[in-house]
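1. quick one, what's the 3D model for this:
(2 chains)
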Amino acid sequence: MESRWPQDSLGLYVHIPFCRNKCPYCDFYSLACSDPAQLQAYTESLCREILSCPPKYRIKPVDSLYFGGGTPSLLTPRQIGTIIDAAAAGFTFHKEAEITMEINPATINQGTLKAYQKAGVNRVSLGLQGLQDKELKVLGRIHSAADAIKAIEATKAAGFDNINFDLIYGIPGQTITDWMHCLQQAIDYQPHHISMYLLQLEPQVPMSRAIAAGQLALPEEAEVEAMYYRAVDSLHDKGLKQYEISNFARDGYACRHNLRYWQFGEYLGFGAAAVSRLGGLRWMNAADLNIYMAREPNRASSGQIVLEDMTPRQQALEAMIMGLRLTSGVNLEAYRKRFGMDLAQELLHRAERFIDHGLLETDNGWLRLTKPGYLLSNQVLCCFAE
Amino acid sequence: MLQDRIRNFSIIAHIDHGKSTLADRLLQVTGTLSEREMRDQFLDKMDLEREKGITIKLQPVRLKYKARDGQEYILNLIDTPGHVDFSYEVSRSLAACEGALLVVDASQGIEAQTLANVYLAMEQDLEIIGIVNKIDLPGADPDRVKAEMENVLGIPGEEIIPISAKTGWGVEEVLEAIVSRIPSPRGDAQASLQALIFDSYFDPYQGAISYIRVVSGQIRRGDMIKMMSNGKVFETAALGVISPYMTEVESLSAGEVGYLAAGIKNVSDTRVGDTITLASRPADRPLPGYKVVKPMVYCGLYPLENNDFEKLRDALDKLKLNDSSLFYEPESSDALGFGFRCGFLGLLHLEIVRERLEREYDLSLLATAPSVVYRVMLTDGSRLDIQNPKMWPPPQRVEAVEEPYVRASMMVPNEFVGTVMELCREKRGQYVNMEYLTPQRVMITYKLPLAEILYDFFDALKSRTRGYASLDYEFSGYEASDLVKLDILLNGEVVDALSMITHRDNAYYRGRALTQKLRRIIPRQMYEVVIQAAIGSRVIARESIKALRKDVLAKCYGGDITRKKKLLEKQKEGKKRMKQIGHIEVPKDAFMSVLNIEKD
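-> Numbers count the residues shown, from 1 in each chain, chains lettered A, B, ... in the order given. Presented below is the predicted three-dimensional model:
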């Protein structure tokens, strides 16, 4: 893993806040929509936002572009192409920039996938979530297990050679056998990357209410723990190495865009509810489609809110908290250089008791979580919070 | 100032019977405060008092009143606290007065505590003006309450003044009664100075400020004064009255009430109850002081941050100045580090001191469970006074144990007599007496172990009588008891700060209840936590808290970082309320939980 900070480049994030249906576990900003006119209007609005981005933000070259959502694959290849072209016109792209698109298995076929690729997408993140109908149904997904498999095959057939599968575990009713079976099936399709997320519910989402009402029950904690660590081992054996708490990749296939978040890199977000960070400032576009669309063309900032205006110290703490999510951890020499000796010492002092407890370790100038530390990482990371 | 135009009085009332409201109204009706300046509970200076709706500290104030006889009078109101813990403070303020207003709620009637305070006032020969308050409320029954006051206290019904302090109705009558019925002070202004310190507090700029009542003689600004207890001499830098803001005056004469500042930096040099005299012409003898009250309840106070120990010592020194009943000495605990063993008049006193330390001195404190003082007779014939369970000798050295008992008076409606007697029996009480004050209201007297009162007696009394019972108690003496020390172990280690003394018959029950309670309030840790209760080496209860297996943010990407960081910050805040004992994080409330294990 690289030890330098990705300070000399920029990542772009494009948020597509539309879904066919809202999933009962999701708390992201998205709207149920399948109106082509609205999607077209949104695409145009996005392009305007990208092109009106102030020149001072465009100095650094871009080495990743990420379409997230919502469901970006509700946009047509032409619309995706238009947005990529706008970004390329507004910013300087690295030759080998990573351009990722999240794909919902129910929304595509081999033809559209090929067209996305032609439009410039070179990495696909398939939102499989599961490979069994029982679990997909509990999750309220619009696709079936058969759709998921079709989508995998179509993606491969379209010629993508950088594919991620998103999987969820800890689903109500799921056993460790179910999960390991699902994971094995996924591995068999030889993806380049797997993100496996523990199902974590915000209290306001519908599934939380169903659990509170006793209609659904989450697996026991001990079982969830086993699901996680057995999956970690299994993925490792198949050459998908863990590089972050929830992310695994073959050598050279870590997601560059997401690495940027964990390595405290800078990024600009476009679209409703998209978040940007430059320096100490983190801000968010209006999390309301109407306000976003109605923003004044010459005032790109209308509807934006500042989430944080971080002091150097706050930035340093964030860099530590995010950096420790990576299995490589934080390079202490680089950290000292960037944030100063004193702060590094203070944080190392805070780290001591976790090193004693075996949740953190230092190794060759790196500070990192141990394997038992991953699933208990909040216990550690909160001590580096402000 | 002519002495016969001065009236010094205090107000005696049960909590919620309207004392602070009446004080507010007196300030307003006499024009001492303008409408603009008026706010509720004006004389309750502490935020804490306003929040709890109780009076902790007496706050003297001087009112000017033009009476119906055409003369202008100076009325010094010395407010008093109304809780059982503070009868000591009540007697302090009464000593500075010639009269007292007794305020009784027109629907509640006399309460146990009121009675105790009226007896205090009668002992000091104060003129008592009976007042029935809240007559505007729907449930008011002023005639019944008047009859009660007549029967129980011998105050003639026709002399009792019905009022509504809330609306101001009848307040003029109260002022007239103060003027016509309370005697003026009788001190000789030409005699040598005798001034009683009835309260003091610490001001960062002026040093100690003392509230004084001049009993005889006169004091002027610039006078060299002498503290009669230790002979120390100071120069009077400022004299004044509170009306209701501090207003400087040149002198204070016999009969007057005011404040004094003399650049006194050492807290112990202005002891409440001491007599001030002039260095140049000292009085022959001091005024009768106050009897030194002994703390009834002890607990350990520990700073959550270990390096705040000195800050805590300093804060206690300053609080002690206007709270002479507070006792403290350094102690250390294996679990909690360095702190102070503190003695209090009662539980409310403890709670108030702790809150004041936290608020006014910006400390974060951990309080251990309160304990009474036990007398332990050892097999070698010697005796130990133990106010910290940690010091309890090993069982084989204990010959016999005595614990403090109180004489508790409970005033209850007659339908609750059975309930209250049952409760007293449960709490190891011994029946003393029962007296019908009126056909509906009964005064029940029991002897009870003070330790039981500390646990949950008052809460149980209130809930079982639907809030109707009131309680007063006074120390009655030590009695033999079969007591044992109950230890709590976390992962095999005794946590000294959680040890408690309990009656042998209750030990099993309390041990079980406490381990269960701790299991609920100690958060899950990174490894299993075993909680045991033991008497000596015998474990009598065991619970365990399973290890935490997952505490992770599965997803953390660009759009979400701010929110996720906030979650971590919140989690960190939560940890700040924990005390690290060995490897275990224990919430600071846990140490008080020993107290109310029966509640849930």
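2. so how far is B:Tyr446 from B:Thr167?
-> 40 Å (C-beta to C-beta, to the nearest Å). To be clear about C-beta, it is placed using only N, CA and C from the backbone, and glycine gets the same treatment.
3. neighbour count winner among these two?
-> Shown here are B:Thr167 and B:Tyr446; by other C-beta atoms under 10 Å in any protein chain shown, B:Tyr446 has more neighbours (24 against 12).
4. how many other residues sit next to A:Ile99?
-> Other residues close to A:Ile99 by other C-beta under 10 Å number 25.
5. for the one helix or strand it maps to, which strands pair with it and how are they oriented?
-> Remark: A:Ile99 resides in strand A:93-103, with elements defined by DSSP states H and E. When pairs are called by DSSP bridges, strand A:93-103 turns out to pair with strand A:62-69 (parallel), strand A:123-129 (parallel).
6. nearest the geometric middle of the chain, what residue?
-> Since no chain was named, I'll use chain A. Residue closest to the mean C-alpha point of chain A, counted by C-alpha atoms, centre = their mean, is A:Asn258 at 5.8 Å.
7. oops, I was thinking of chain B
-> B:His349 (3.4 Å).
8. tell me the pLDDT of that one.
-> Per-residue pLDDT puts B:His349 at 83.
9. what do you get for B:Pro244?
-> Looking at B:Pro244, the pLDDT reads 82.
10. B:Leu595 too?
-> pLDDT at B:Leu595 comes out at 64.
11. how about the one 4 residues further on?
-> Confidence per residue is given as pLDDT, and for B:Lys599 that number is 45.
12. again with B:Leu365
-> So, for B:Leu365, pLDDT stands at 89.
13. tell me the confidence at the nearest residue to A:Leu198 once chain neighbours are set aside?
-> The shortest distance from A:Leu198 to any non-neighbouring residue, by C-beta to C-beta, 6 or more residues apart in numbering or on different chains, is to B:Ala554 (4.0 Å). B:Ala554 carries a pLDDT score of 93 in this model.
14. B:Ala554: neighbour count?
-> The burial count for B:Ala554: 18, using other C-beta under 10 Å.
15. just checking, it touches A:Ser246?
-> Yes: B:Ala554 lies in contact with A:Ser246 (C-beta atoms under 8 Å); the separation is 5.3 Å.
16. show me where the stretch 101-250 of chain A has its helices.
-> Along the stretch 101-250 of chain A, the stretches classed as helices by DSSP state H, counting those that start in this stretch are A:110-119, A:133-139, A:145-157, A:176-188, A:206-212, A:221-237.
17. buried stuff in the strand holding A:Ile99?
-> A:93, A:97-103 (16 or more other C-beta atoms under 10 Å in any protein chain shown).
18. who touches that strand?
-> Residues outside strand A:93-103 that contact it (C-beta atoms under 8 Å, 6 or more residues apart in numbering or on different chains): A:9, A:61-69, A:71-73, A:80, A:84, A:87, A:113, A:116, A:120-127, A:151, A:155, A:162, A:164, A:166, A:255-257.
19. drop anything exposed from those.
-> The buried subset of the contacts of strand A:93-103 (16+ other C-beta under 10 Å) comprises A:9, A:62-69, A:71-73, A:80, A:84, A:87, A:113, A:116, A:120-127, A:151, A:155, A:162, A:164, A:166, A:255-257.
20. spatially, what comes nearest to A:Leu199 if we skip its sequence neighbours?
-> A:Gly170 is the one closest to A:Leu199 (C-beta to C-beta, 6+ apart), at 4.4 Å.
21. cool, and A:Ala86?
-> A:Ala86 sits nearest to A:Cys47 (C-beta to C-beta, 6+ apart), 4.1 Å away.
22. give the contact list for the one you found.
-> By C-beta under 8 Å, 6+ apart, the neighbours of A:Cys47 are A:82-83, A:86.
23. who wins on neighbours among those?
-> A:Ile83 (27 neighbours).
24. that one contacts A:His15, doesn't it?
-> No: here A:Ile83 does not reach A:His15: they are 11.2 Å apart, not a contact under C-beta under 8 Å.
25. check what pLDDT residue 204 gets.
-> Here I'm looking at chain A. At A:Gln204, pLDDT is 88.
26. wait, I meant chain B there
-> 78.
27. burial of it, as a residue count?
-> By other C-beta under 10 Å, 6 other residues sit near B:Pro204.
28. roughly how far does it sit from B:Asp334?
-> To B:Asp334, B:Pro204 is 36 Å away according to C-beta to C-beta.
29. rewinding a little: please identify which of the strands paired with strand A:93-103 is closest to B:Met224.
-> strand A:62-69 (81.8 Å; C-beta to C-beta).
30. relative to helix A:110-119, how tilted is the next helix or strand after the closest one?
-> Using DSSP H and E, the helix or strand that follows strand A:62-69 in sequence is helix A:77-90. Helix A:77-90 runs at 10 degrees relative to helix A:110-119, counting by axes from the mean of the first three to the mean of the last three C-alpha atoms, to 10 degrees.
31. and helix A:77-90, what other elements does it pack with?
-> Applying 3 or more C-beta pairs under 8 Å, 6 or more residues apart in numbering or on different chains; DSSP states H and E, we find helix A:77-90 packed against strand A:10-16, helix A:36-51, strand A:62-69, strand A:93-103, helix A:110-119.
32. give me the helices and strands touching the helix or strand containing B:Leu175, please.
-> Taking DSSP H and E as the criterion, B:Leu175 maps to helix B:171-181. When contacts are defined as 3+ C-beta pairs under 8 Å, 6+ apart, helix B:171-181 packs onto strand B:6-13, helix B:19-29, strand B:60-66, strand B:72-78, strand B:99-105, strand B:127-133, strand B:161-162.
33. what packs against the shortest one?
-> For strand B:161-162, the elements it packs on are strand B:127-133, helix B:171-181, judged by 3+ C-beta pairs under 8 Å, 6+ apart.
34. how distant is stretch B:10-19 from the center of its chain?
-> In terms of C-alpha atoms, centre = their mean, to the nearest Å, the gap separating the centre of stretch B:10-19 from the centre of its chain is 15 Å.
35. any idea of the mean pLDDT for that stretch?
-> According to the model, stretch B:10-19 has a mean pLDDT of 80.
36. quick one: end-to-end distance for it.
-> Stretch B:10-19 has its terminal residues 10 Å apart, counting by C-alpha to C-alpha, to the nearest Å.
37. same deal with stretch A:136-146?
-> Taking C-alpha to C-alpha as the measure, stretch A:136-146 stretches 11 Å from start to finish.
38. which residues are contacting it?
-> By C-beta under 8 Å, 6+ apart, stretch A:136-146 touches A:20-21, A:23-25, A:104-106, A:129-133, A:148, A:151, A:168, A:171-173, A:207, A:216.
39. tell me which of the helices and strands packed on strand B:161-162 is the most buried.
-> Most buried of the helices and strands packed on strand B:161-162 by mean neighbour count (mean count of other C-beta atoms under 10 Å in any protein chain shown) is strand B:127-133; its value is a mean of 24.
40. against which helices or strands is it packed?
-> helix B:19-29, strand B:99-105, helix B:112-123, helix B:142-153, strand B:161-162, helix B:171-181.
41. got these as CSV, with distance to A:Ala186 columns?
-> Formatted as CSV, these follow (distance: least, C-beta to C-beta, whole Å):
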stretch, distance to A:Ala186
helix B:19-29, 71
strand B:99-105, 74
helix B:112-123, 73
helix B:142-153, 81
strand B:161-162, 84
helix B:171-181, 82
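42. worst average pLDDT in those?
-> Looking at the helices and strands packed on strand B:127-133, the bottom one is helix B:112-123 with a mean of 81.
43. CA atoms only: put that one into PDB for me.
-> C-alpha atoms of helix B:112-123 as PDB (Å, rounded to 0.1, in the frame of the first residue of the first chain):
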ATOM      1  CA  ALA B 112     -43.600  16.600  59.900                       C
ATOM      2  CA  GLN B 113     -40.700  18.900  59.000                       C
ATOM      3  CA  THR B 114     -42.800  22.100  59.600                       C
ATOM      4  CA  LEU B 115     -43.500  20.900  63.100                       C
ATOM      5  CA  ALA B 116     -39.800  20.300  63.800                       C
ATOM      6  CA  ASN B 117     -38.900  23.800  62.600                       C
ATOM      7  CA  VAL B 118     -41.700  25.400  64.600                       C
ATOM      8  CA  TYR B 119     -40.500  23.700  67.700                       C
ATOM      9  CA  LEU B 120     -37.100  25.100  67.000                       C
ATOM     10  CA  ALA B 121     -38.500  28.600  66.700                       C
ATOM     11  CA  MET B 122     -40.600  28.100  69.900                       C
ATOM     12  CA  GLU B 123     -37.400  27.000  71.800                       C
END
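44. lovely, talk soon.
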